[in-house]
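Visitor: just coords:
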């Protein structure tokens, strides 16, 4: 079924619909796992080389097995009418098959939506912007941001990953740090909030050093200094 193979290819390469329609066998190299895009919507997309993952290679190999006599100039998805196949004409599409598949699956989605889905998954994989742009055929970061829509779950997971809970100090022990601010020779206590205090304490406990003093130039000198008050563990 061409719609299935085309869907797998779109989800695993982020190729545009017309790029898939006009794909010829001469543009793919399954042994090297690469595909060269033909005429594209953008200059950045035309002629770009896309590495094929295992899913894309299998989809093309399985589909190609239906055409044992295929030639390099033949279209991967040729024009078909009933049982008649014209390999030198590109497909008109697979609208009916796509609609039937979506209806059976209970989805309401366009084939074009597979491209931003693939780009979003690439962005969520922590691939660099340059890598995603090269795969998607984007010439600018603005276009990448237009097509990439990281899910809220991915955004939440990214933020949660930098908020690992800090270990609580042992009962009865004083905190490692106390904050004091010295302003023009007068010592004024700094009341740090609990979260910041825990973070600073943990930094010193793990690193075993005293944070560097920050000073502002000029006549007015303000800096924070921290002194050890408990035994280092």
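Guide: Structure's in. What do you need? Given the structure is predicted, the values throughout are model-derived calculations rather than measurements.

Visitor: quick one, strands of the chain?
Guide: Applying DSSP state E to the chain gives strands spanning 28-29, 34-36, 49-51, 78-81, 84-90, 177-183, 186-189, 222-228.

Visitor: what are the pairing partners of the fourth one, and which direction each?
Guide: When you say that, I think you mean strand 78-81. strand 84-90 (antiparallel) (DSSP bridges).

Visitor: what residues does the partner strand touch?
Guide: Residues from elsewhere that reach strand 84-90 (CB atoms under 8 Å, 6 or more residues apart in numbering): 21, 22, 67, 70, 71, 73, 74, 75, 77, 78, 79, 80. Quick note: C-beta positions are derived from backbone N, CA and C, even for glycine.

Visitor: Please name the bridge partners of the last one.
Guide: What it means is residue 80. residue 85.

Visitor: Run a quick check on it versus residue 96, I expect a contact.
Guide: No - checked against CB atoms under 8 Å, the pair residue 80 and residue 96 is beyond contact range at 11.9 Å.

Visitor: More neighbours: these two, which one.
Guide: Per other CB atoms under 10 Å, whichever of residue 80 and residue 96 has more neighbours is residue 80, with 15 against 9.

Visitor: pLDDT value on that one, please?
Guide: For residue 80, the model assigns a pLDDT of 87.

Visitor: Would you mark the buried spots in stretch 141-156?
Guide: For stretch 141-156, burial by neighbour count (16 or more other CB atoms under 10 Å) applies to 143, 144, 147, 148, 154.

Visitor: Among those residues, find the lowest-pLDDT one for me.
Guide: residue 154 (70).

Visitor: That residue and residue 160: what is the separation?
Guide: 11 Å (CB to CB, to the nearest Å).

Visitor: likewise residue 9?
Guide: From residue 9 to residue 160 the distance is 34 Å (CB to CB).

Visitor: same question, residue 130
Guide: 26 Å.

Visitor: try residue 36
Guide: Taken as CB to CB, the span from residue 36 to residue 160 is 40 Å.

Visitor: Looking only at neighbour counts, state which of the two leads.
Guide: Neighbour totals were compared for residue 36 and residue 160, and residue 36 leads with 15 against 9 (other CB under 10 Å).
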